[in-house]
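kindly return the folded structure for what I paste below:
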Amino acid sequence: MKNRVITISREFGSGGRTIGKKVAEKLGIPCYDAELIHKIAKESGFNENYIKDAGEYAPGGYISSAFSNRMFGPTNEDYLWNIQYKIISELAEKGPCVIVGRCADYILRDKADCLKIFIHADMEFRVKRIVDVYGEREISPEQRLKEKDKRRAAYHRFYTDMNWGHAQNYHITLNSGVLGIERCVDIITQLYPNGEIDEG
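As a prediction, the model looks like this:
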């Protein structure tokens, strides 16, 4: 049987990163988030802060500017995408794990027994979370959330031709604002040991 991998895609501020780490802790398997950025930086030679931004957002910010940039050949983001694709594939082959973000759900669609999760929440929950957890106060939290999600969706569409956040692209979507972080963790860990995912 292929290795079981959990991929977690998430709206900014929904707690998806925290959920991923807690799921991995409960299951006793690795969680690749910051570690993934470190691996990509080591192989590419790019700064980790640059990768944090470029690794989840379309080249130039949005689709139109991304295609314009490509008129001059592959972009830095294209180079990072290829490295990211390779590293995520290798991690899935290595053993069971949780991978947060970075289009892992798409990259592993044919490569692993992959449980694909999307975490979302309403604006009020996410605003409170980014202020309380990340200390986001410099600009309107609502505007920051919309901007981050818009760019993240554009990146996903640019490299995968899939609609980020659409329920049919995932095995399960969870509203962390309604369920709470811990309940989301419990649901995912309960799903994990039940054999291979049935795609039919």
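
thought Thr173 was touching Ala121?
No - counting by CB atoms under 8 Å, Thr173 stays clear of Ala121, with 10.9 Å between them. Using the backbone N, CA and C atoms, a C-beta is placed for each residue, glycine as well.

which one's more surrounded, the two?
Neighbour count, other CB atoms under 10 Å: between Thr173 and Ala121, Ala121 has more, with 24 against 16.

can you pull the contacts of the more buried one?
Each residue near Ala121 by CB atoms under 8 Å, 6 or more residues apart in numbering is listed here: 11, 13-15, 129, 175-178.

again with Arg126
Neighbouring residues of Arg126 by CB under 8 Å, 6+ apart: 11-14, 145, 177.

quick check: which element contains it?
Here Arg126 sits within helix 123-134, counting by DSSP states H and E.

need the CA coordinates for that helix. CSV is fine.
Below are the C-alpha coordinates for helix 123-134, written out as CSV (Å, rounded to 0.1, in the frame of the first residue of the first chain):
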residue,chain,number,x,y,z
MET,A,123,-14.2,36.4,8.4
GLU,A,124,-14.8,37.2,12.0
PHE,A,125,-13.0,34.1,13.3
ARG,A,126,-10.1,34.7,11.0
VAL,A,127,-9.7,38.4,11.8
LYS,A,128,-9.7,37.6,15.5
ARG,A,129,-7.1,34.9,15.0
ILE,A,130,-4.6,36.9,13.0
VAL,A,131,-4.8,39.7,15.4
ASP,A,132,-4.5,37.5,18.5
VAL,A,133,-2.0,34.9,17.1
TYR,A,134,0.0,36.9,14.6
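
closest to Ala24 among the contacts of Ala121?
Closest approach to Ala24 among those (CB to CB): Gly15, at 14.4 Å.

so where's the chain uncertain?
1-2, 53-74, 112, 135-139, 193-200 (pLDDT under 70).

ok so, going back, okay, and which of the contacts of Arg126 map to helices?
Among those, DSSP state H puts 145, 177 in helices.

just among the contacts of Arg126, which is most surrounded?
Neighbour counts for the contacts of Arg126 (other CB under 10 Å) peak at Ser14, which has 28 neighbours.

these two touch, right, that one and Leu179?
No - using CB under 8 Å, Ser14 makes no contact with Leu179, being 10.8 Å away.

pull out the buried positions in the helix holding Arg126.
Using 16 or more other CB atoms under 10 Å as the test for burial, helix 123-134 gives 125-127, 129-130.

do the same with stretch 152-161
Quick answer for stretch 152-161 (16+ other CB under 10 Å): 152-156, 158-159.

before I go, just wanted to say thanks for your time.
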